[in-house]
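>>> What follows is a predicted structure for the sequence shown.
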Amino acid sequence: MNGLEIWLLAVGLAMDCFAISIASGILLKRTLWRPMLTMAFFFGLFQAIMPLLGWIGASTFSHLIESLDHWIAFIILAFLGGRMVRESFKDEKEYDPKSLKVVLALAVATSIDALAIGVSFAFLGMRDFSEILAPISIIGFVSFIMSLIGLLFGIRFGCGIARKLRAELWG
């Protein structure tokens, strides 16, 4: 995996964080740095940890499923992509973006696709932790930044533009 591919993967993974952050910014209505940094931190952290967990799990059990690994990766990623498109057409439910419980639940929910990417890393032959350290760091960093941008975008532009953007669909 080259540098550009890693950055594009990171942006793709961060799009669900971006979409949730826009909605959260709309609900916040004004800049509140503590909850905003908390949300961005946990989104970035979980987006970085989940590929690591997927990689560890797949590396541990890859010998059992090596003949099917490429099909498993394809099915997982196709399912997650389809789910994102479907979710983009659903009405948003209101939640409290200042609640740590809500932020943690959203961080886990937005990082499930990153778990599948970690599985893909193992199937692509990345056997050493040093090989995935850069990708997971970049994924976490990009998710943190995209979350902050999404929050600020939601606060600044509110409901009108954010609903027309359909960031989750673009993701």
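Perfect, thanks for sending it. Numbering: from 1, shown residues only.
>>> switch to C-alpha atoms for all contacts and neighbour counts from now on
Will do.
>>> tell me which residues of the helix ranked longest in the chain are tucked away?
Looking across the chain with DSSP state H, the single longest helix is helix 129-165. Using 16 or more other Cα atoms under 10 Å as the test for burial, helix 129-165 gives 132, 135-156, 158-159, 162.
>>> mind checking how far that helix is from the chain centre?
Distance, stretch centre to chain centre, for helix 129-165: 8 Å (Cα atoms, centre = their mean, to the nearest Å).
>>> From here on, call the first residue 4.
Noted, 4 is the first residue going forward, which turns the last one into helix 132-168.
>>> From the contact counts, what lies against that helix?
helix 6-31, helix 36-68 (3 or more Cα pairs under 8 Å, 6 or more residues apart in numbering; DSSP states H and E).
>>> so of the ones you listed, which one's packed in deepest?
helix 6-31 (a mean of 22; mean count of other Cα atoms under 10 Å).
>>> circling back to that earlier point, could the helices and strands packed on helix 132-168 be laid out in JSON lines, adding mean pLDDT and distance to residue 124?
Output for those, formatted as JSON lines (pLDDT from 0 to 100; distance: least, Cα to Cα, whole Å):
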{"stretch": "helix 6-31", "mean pLDDT": "89", "distance to residue 124": "11"}
{"stretch": "helix 36-68", "mean pLDDT": "90", "distance to residue 124": "6"}
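>>> out of those, which comes closest to residue 78?
helix 36-68 (14.0 Å; Cα to Cα).
>>> Tell me the helices and strands packed up against the closest one.
helix 6-31, helix 103-113, helix 115-126, helix 132-168.
>>> So residue 27 is in contact with residue 159, correct?
No - look at residue 27 against residue 159 with Cα atoms under 8 Å: they stay out of range, at 11.7 Å.
>>> picking that back up, looking at the helices and strands packed on helix 36-68, which is closest to residue 42?
Short answer: helix 103-113, nearest of the helices and strands packed on helix 36-68 by Cα to Cα, at 5.9 Å.
>>> which strands and helices sit next to the closest one?
Looks like helix 103-113 contacts helix 6-31, helix 36-68 (3+ Cα pairs under 8 Å, 6+ apart).
>>> is it possible to export those to CSV including distance to residue 125?
Compiled in CSV, the helices and strands packed on helix 103-113 are given as follows (distance: least, Cα to Cα, whole Å):
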stretch, distance to residue 125
helix 6-31, 15
helix 36-68, 5
